[in-house]
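Novice: Sequence first, predicted coordinates after that:
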Amino acid sequence: MTERCASKDCDQVRGILSQFLDAIAEPVFVKDGNHRLQFVNEAYCHLLGYRAEDLVGKSEADVLPTGQAKAFLAAEQAIVTAGQPCEHQATITDRSGVEHIVLVRMSMFCAQGKSPMI
């Protein structure tokens, strides 16, 4: 019974956190140590023109043009190497081919006992 309650509580907290992040008007994403998207909010989905279920588990290489994907990967690797947040301007091409100039702010964090995430 305790494990079920803990799991239910955990699911409830995840749901609340997801709703909170979706309420943020700015695009938000979380990536694992392999640069794969683990979470995206509605604003990120809207920017790229995809549904969350089409993005989670993928990297920018799966959804952006090669040059843009390589630029994101280089910025993410720099964050992991330096351990410092990064802010830069980037061009992102959405699913329909429209280019957007965006300000990207990324930082690394480590959840207890987990690999670094961006």
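Specialist: Looks like it came in fine. Residues are numbered from 1 along each chain as shown.
Novice: contacts, neighbours, all on C-alpha from now
Specialist: Noted.
Novice: now C45, what's its secondary structure?
Specialist: helix (DSSP: H, G, I helix; E, B strand; the rest coil).
Novice: mind checking how far it is from A74?
Specialist: C45 sits 22 Å away from A74, going by C-alpha to C-alpha, to the nearest Å.
Novice: of those two, who's got more company?
Specialist: C45 (19 against 12; other C-alpha atoms under 10 Å).
Novice: For the more buried one, give me its contacts.
Specialist: Contacts for C45 (C-alpha atoms under 8 Å, 6 or more residues apart in numbering) come out as 27, 51-52, 55.
Novice: Just the buried residues of these.
Specialist: Neighbour-count burial (16 or more other C-alpha atoms under 10 Å) is assigned, among these, to 27, 52, 55.
Novice: one step back: mind checking which of the contacts of C45 land in helices?
Specialist: Using DSSP state H, the subset of these located in helices is 52, 55.
Novice: Can you list the residue ranges for strands in this structure?
Specialist: All strands of the chain, identified by DSSP state E, fall at 29-31, 37-40, 86-93, 99-106, 109-110, 116-117.
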